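J.: Starting from these lines, generate the structure:
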Amino acid sequence: MTINALLNVQERFEIQTYYSRTNKIDRRIHVPFSGSPRKHPFEKDKIILVVDPFTSNTFYYEFEIKDICFAEELANITNINGKSVSMTRIWIRKKSVAILCTPFVVDTMDKADC
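T.: A predicted model of the protein is given here:
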């Protein structure tokens, strides 16, 4: 196959057009967070945002729904087994109180660590 033939091959790419939200979101008073949104298991007025749902050592954020000013749908991510998870970017008002949860394995501590 010649170079000209390769250059003429046209494939269809599913690309979402980028457009700026500068007129709606003011970065001076909002901060973006991206992840997979989940309902809070106990509190209806909160949301959990899992940053990387397919890793074993992921962390998540917990926000109050009233602090979310804007949400954007991002591309879904898929693991090697074909399981797909939706991703979202949410814009949170600065000075809002949120929780960052980082799970870890508890192990023995050396005396030098104390």
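J.: helix or strand for the most centrally placed residue in the chain, which one?
T.: The residue lying closest to the centre of the chain (C-alpha atoms, centre = their mean) is residue 35, at 1.7 Å. Here residue 35, judged by DSSP states H and E, is contained in strand 30-39.
J.: which non-adjacent residue is nearest the residue nearest to the centre of the chain?
T.: What sits nearest to residue 35 in space, not counting adjacent residues and going by C-beta to C-beta, 6 or more residues apart in numbering, is residue 49, at 3.9 Å. C-beta: built from backbone N, CA, C; applies to glycine.
J.: Show me what the very next helix or strand once past the strand holding residue 35 is packed against.
T.: Counting by DSSP H and E, the next helix or strand C-terminal to strand 30-39 is strand 46-50. Here strand 46-50 touches strand 30-39, strand 60-64, strand 84-93, going by 3 or more C-beta pairs under 8 Å, 6 or more residues apart in numbering; DSSP states H and E.
J.: and of those, who's closest to residue 71?
T.: Residue 71 lies closest to strand 84-93 among the helices and strands packed on strand 46-50, at 4.9 Å (C-beta to C-beta).
J.: looking only at pLDDT, what's the mean for that closest one?
T.: Strand 84-93 carries an average pLDDT of 92.
J.: how big is the angle separating it from strand 30-39?
T.: If you take axes from the mean of the first three to the mean of the last three C-alpha atoms, to 10 degrees, strand 84-93 sits at 140 degrees to strand 30-39.
J.: buried ones in the next helix or strand after strand 84-93?
T.: Sequence-wise, the next helix or strand downstream of strand 84-93 (DSSP H and E) is strand 99-101. For strand 99-101, a neighbour-count test (16 or more other C-beta atoms under 10 Å) marks nothing as buried.
J.: partners of strand 99-101 in the sheet?
T.: strand 60-64 (antiparallel) (DSSP bridges).
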